[in-house]
Every structure is written in structure tokens, then in C-alpha cells.
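**Student:** Build the 3D model from these lines:
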Amino acid sequence: IVRQLLNFSRKEPLQLRRVEIDEVIRDCFELLDYQLKDIDLRLDLNLTGAHLVDAEALKQALLNIGLNAAQSMPEGGALTISSRETDEQVTLSITDTGTGIKPEDIDHIFEPFFSTKSQGEGTGLGLSVSFSLIKRMGGNISVESVKYEGTTFKIEIPKKPDISV
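**Tutor:** Got it, this is the predicted structure:
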């Protein structure tokens with residue numbers, strides 16, 4: 001909680017470096033393995049070469065989204081992570097078959113301290129921190145969800161980041 005509060009309130013400079021994003025994805029979901037017991041993890045990773053990103057910021061965003069996805073599937077399900085690239089950007093999609101997000105909550109999920117979890121189960125900072133970190137890399141996070149069917153988070157990061165955001 002303290003780390004999330006610090007990340008939310010502090011604007012440390014980005015540490016951009018060339019990294020293999022697909023390796024970052026593999027590392028993140030290996031760390032989440034203990035949360036994915038009854039979940040079928042599907043990786044559809046298609047990036048070539050290294051890309052300029054803040055690897056730690058990207059890891060934190062992926063871990064936050066991945067953990068939320070796992071928690072939305074208490075009875076198990078499928079979690080699919082895909083990566084694609086165009087000449088302009090890298091796109092990562094994280095899709096779960098969980099409980100979905102209520103339509104009235106979608107517009108609030110990136111707000112600080114907004115949580116749909118029971119009291120004491122979450123801080124409501126994970127997605128707002130993730131949103132902020134991706135924005136600072138010049139990227140964007142969007143979400144689509146259908147209640148009781150699942151959710152897809154899409155992260156888009158420009159290949160030539162505008163870090164003035």
C-alpha cells in the first residue's frame with residue numbers, strides 16, 4: 001500500500017531503456033503464477049526486438065492488471081496476454097474470462113482509491129498507478145468489459161515515446 005501511494009504521488013523520472021517486452025510479460029506472469037492456480041494462461045506474444053520503455057513501470061502495470069484479472073476469476077477461467085506491433089506502436093492486450101466490470105464502474109476504474117472490492121481487500125490504487133505510468137511513457141490504457149463474461153485491457157505504447165506527458 002505504501003509503495004502504491006508513493007508511486008501514485010511521486011513523479012520520478014522515467015528510466016527508458018531498450019528491453020524485450022515479451023520477456024517482461026513472461027517475467028510478470030511467472031511472478032503471478034501462484035495467483036493463477038485454476039487459470040489457463042495463454043501467451044500470444046509476437047514482438048520482435050527490443051523496444052524503448054520503462055521496464056519497471058511496465059511491469060507494475062502488467063502485474064496490477066494481471067492480479068485484478070486473476071481475482072476476477074475465483075473459480076478459474078482463461079487469461080490471454082497478446083502482444084503486437086505496428087510501425088508506430090506496441091499493443092498489449094490482457095483478456096480474462098472473469099466476472100467483468102459493471103458498466104457504471106467502467107468510467108471510474110482508473111480513478112485513485114476507486115475499488116469494487118470488499119473493504120480491506122484493495123486500495124483502489126493499482127489501476128490508477130498503472131494508468132499514470134503508461135501515460136507518462138506517452139501511451140494509453142483502455143478497457144472493454146461485459147459483466148459476467150470478462151474484461152480486456154489494452155495498453156498502447158508508442159515506439160517513439162513522447163515523455164513530456
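**Student:** Going by residue numbers, what spans are strands in the chain?
**Tutor:** Assigned by DSSP state E, the strands in the chain fall at 16-19, 39-45, 51-54, 77-85, 89-96, 140-146, 150-158.
**Student:** Name every strand pairing with the first one and say which way it goes.
**Tutor:** According to DSSP bridges, strand 16-19 forms sheet pairs with strand 51-54 (antiparallel).
**Student:** Could you do the fifth one as well?
**Tutor:** With DSSP bridges as the test, strand 89-96 is paired with strand 77-85 (antiparallel), strand 150-158 (antiparallel).
**Student:** Pull up the per-residue confidence for Gln15.
**Tutor:** With respect to pLDDT, Gln15 scores 88.
**Student:** re the thing from before, most packed of the strands of the chain?
**Tutor:** Comparing those by mean neighbour count (mean count of other Cβ atoms under 10 Å), strand 51-54 ranks first with a mean of 22. For every residue, glycine as well, the C-beta is placed using N, CA and C.
**Student:** just how off-centre is that one within its chain?
**Tutor:** 15 Å (Cα atoms, centre = their mean, to the nearest Å).
**Student:** residues making contact with that strand?
**Tutor:** Here strand 51-54 makes contact (Cβ atoms under 8 Å, 6 or more residues apart in numbering) with 14-21, 24, 85, 90, 133, 136-137, 157, 159-161.
**Student:** now stretch 19-38
**Tutor:** Counting by Cβ under 8 Å, 6+ apart, 41, 43, 45-47, 49-51, 53, 55, 58-59, 62-63, 66-67, 70-71, 73, 75-77, 79, 81, 83, 90, 92 sit against stretch 19-38.
**Student:** what about that stretch, how long is it end to end?
**Tutor:** The first and final residues of stretch 19-38 sit 30 Å from each other (Cα to Cα, to the nearest Å).
**Student:** can you tell me the average pLDDT over it?
**Tutor:** Taken as a whole, stretch 19-38 has a mean pLDDT of 95.
**Student:** The strands paired with strand 89-96 into JSON lines, with extra columns for distance to Lys37?
**Tutor:** Below are the strands paired with strand 89-96 laid out as JSON lines (distance: least, Cβ to Cβ, whole Å):
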{"stretch": "strand 77-85", "distance to Lys37": "11"}
{"stretch": "strand 150-158", "distance to Lys37": "18"}
